[in-house]
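[1] any chance you can model this:
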Amino acid sequence: MFLIALAVAAAVPATPQPIVLGTSQQVHSAALGEDRTINVVLPASYAKEPAKRYPVLYLIDGGVDQDLIHVAGVLQLNSAWGRSQEAILVGIATKDRRRELTGPVADAELLKKYPTSGSSAKFRSFIRDQVKPLVERTYRTSGYDAVIGESLAGLFILDTYLNEPDLFDAYGAISPSLWWDKEAIANGATVKLGAKQAGHRLYFAVADEGADMRAADDRVAAALKAKAHDYCFNVRDDLAHSTIYQQLTPQALQFLLPPDEAPPPEFGFEVKCSAKS
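    Prediction:
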């Protein structure tokens with residue numbers, strides 16, 4: 001009977017345990033007038049090194065069903081190999097991306113098509129006045145932070161770099177939708193670039209999205225070359241809008257969160273820039 005009982009016990013599978021990536025909380029946004037989701041993924045060493053402080057990487061489109069899992073995986077692997085620093089990842093989920101990630105729209109036809117567009121100032125206020133203070137009082141932050149996002153999120157990030165650069169220390173804009181509102185952000189880049197961006201890193205990467213998009217990209221790149229410092233402009237004509245984020249996140253994080261010591265050259269880690277300063 002004892003042997004039979006052992007055999008039965010061995011055949012019963014163990015109870016599956018959840019895989020815990022991080023934590024999620026609802027924060028009421030005074031600026032947006034609604035509850036919003038903030039997801040936090042802590043570095044692997046966070047609990048083991050209670051005296052250590054960490055930089056923060058803010059992720060726009062940071063929902064679990066958006067870009068959180070992708071960026072969290074790259075951040076963990078990068079830090080494990082010494083390619084970039086360990087960092088606290090804060091995913092800021094979006095709901096209506098055109099409402100939250102675009103500024104006032106001058107193009108009447110575009111506004112007719114997307115009538116909720118144009119409230120990026122409110123979304124930026126939510127980040128500045130509520131999300132960042134919450135993170136800084138809750139977690140062991142080092143005082144350095146970066147932000148990353150792609151497409152409309154990249155547009156929001158580039159717009160923030162131009163208009164409110166002190167919001168973050170470093171900016172990663174991957175394939176930003178510069179076509180938006182008849183390329184208004186690209187057209188105004190030269191005027192808005194200047195001394196206020198000093199001390200703020202920018203990683204700006206673009207894919208092959210056609211001649212029209214490249215013209216807007218090149219205008220921003222020309223403005224950066226003339227007036228900016230500490231930036232990397234990376235043209236990847238071998239990639240598309242649908243593939244560039246997945247391919248270049250490791251390089252972007254290496255640029256935004258550089259390690260204290262450069263990894264060994266035999267690892268092959270490199271931030272490739274078509275233009276830089």
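
[2] how far off centre is the lengthiest helix in the chain?
    Determined from DSSP state H, the single longest helix within the chain is helix 211-227. Distance, stretch centre to chain centre, for helix 211-227: 21 Å (CA atoms, centre = their mean, to the nearest Å).

[3] strand partners (parallel or antiparallel) of the following helix or strand past that helix?
    The helix or strand immediately downstream of helix 211-227 is strand 231-236, counting by DSSP states H and E. Applying DSSP bridges, strand 231-236 is found paired with strand 201-207 (parallel), strand 275-276 (antiparallel).

[4] sorry, back to before: what lies in contact with the longest helix of the chain?
    Identification of contacts with helix 211-227 by CB atoms under 8 Å, 6 or more residues apart in numbering yields 158, 178-179, 183, 185-187, 189-190, 193-194, 202, 204, 206, 208, 231, 233, 235, 274-275, 277. To be clear about C-beta, it is placed using only N, CA and C from the backbone, and glycine gets the same treatment.

[5] now the angle from that helix to strand 201-207?
    160 degrees (axes from the mean of the first three to the mean of the last three CA atoms, to 10 degrees).

[6] tell me where the chain has strands.
    23-29, 34-41, 54-60, 88-92, 141-150, 170-174, 201-207, 231-236, 275-276 (DSSP state E).

[7] where in this protein is pLDDT low?
    1-12 (pLDDT under 70).

[8] please name the bridge partners of Val235.
    Val206.

[9] on that earlier part again, in TSV, list the strands of the chain along with distance to Ser119 and mean neighbour count.
    Listed next are the strands of the chain as TSV, based on distance: least, CB to CB, whole Å; neighbours: other CB atoms under 10 Å:
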stretch	distance to Ser119	mean neighbour count
strand 23-29	11	13
strand 34-41	12	18
strand 54-60	14	25
strand 88-92	15	25
strand 141-150	16	22
strand 170-174	19	27
strand 201-207	24	26
strand 231-236	28	21
strand 275-276	33	16
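
[10] ok so, going back, keeping just the C-alphas, turn the longest helix of the chain into PDB.
    The C-alpha trace of helix 211-227 is given here as PDB (Å, rounded to 0.1, in the frame of the first residue of the first chain):
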ATOM      1  CA  ALA A 211      10.700  59.100 -49.300                       C
ATOM      2  CA  ASP A 212       8.100  61.400 -47.600                       C
ATOM      3  CA  MET A 213       8.900  60.100 -44.100                       C
ATOM      4  CA  ARG A 214      12.600  60.300 -44.800                       C
ATOM      5  CA  ALA A 215      12.400  64.000 -45.700                       C
ATOM      6  CA  ALA A 216      10.900  64.800 -42.200                       C
ATOM      7  CA  ASP A 217      13.500  62.500 -40.500                       C
ATOM      8  CA  ASP A 218      16.300  64.300 -42.400                       C
ATOM      9  CA  ARG A 219      15.000  67.700 -41.300                       C
ATOM     10  CA  VAL A 220      15.200  66.700 -37.700                       C
ATOM     11  CA  ALA A 221      18.600  65.200 -38.200                       C
ATOM     12  CA  ALA A 222      19.900  68.400 -39.900                       C
ATOM     13  CA  ALA A 223      18.700  70.400 -36.900                       C
ATOM     14  CA  LEU A 224      20.400  68.100 -34.500                       C
ATOM     15  CA  LYS A 225      23.700  68.300 -36.500                       C
ATOM     16  CA  ALA A 226      23.500  72.100 -36.400                       C
ATOM     17  CA  LYS A 227      22.500  72.700 -32.900                       C
END
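
[11] which parts of it are buried?
    213-214, 216-217, 219-221, 223-224, 227 (16 or more other CB atoms under 10 Å).

[12] and for stretch 253-268?
    Those would be 253-257, 259, 263, for stretch 253-268 by 16+ other CB under 10 Å.

[13] quick check: end-to-end length of it?
    15 Å (CA to CA, to the nearest Å).

[14] returning to what we had before: between the strands paired with strand 231-236, which one is closest to Thr249.
    Of all the strands paired with strand 231-236, strand 201-207 sits nearest to Thr249, with 9.8 Å by CB to CB.
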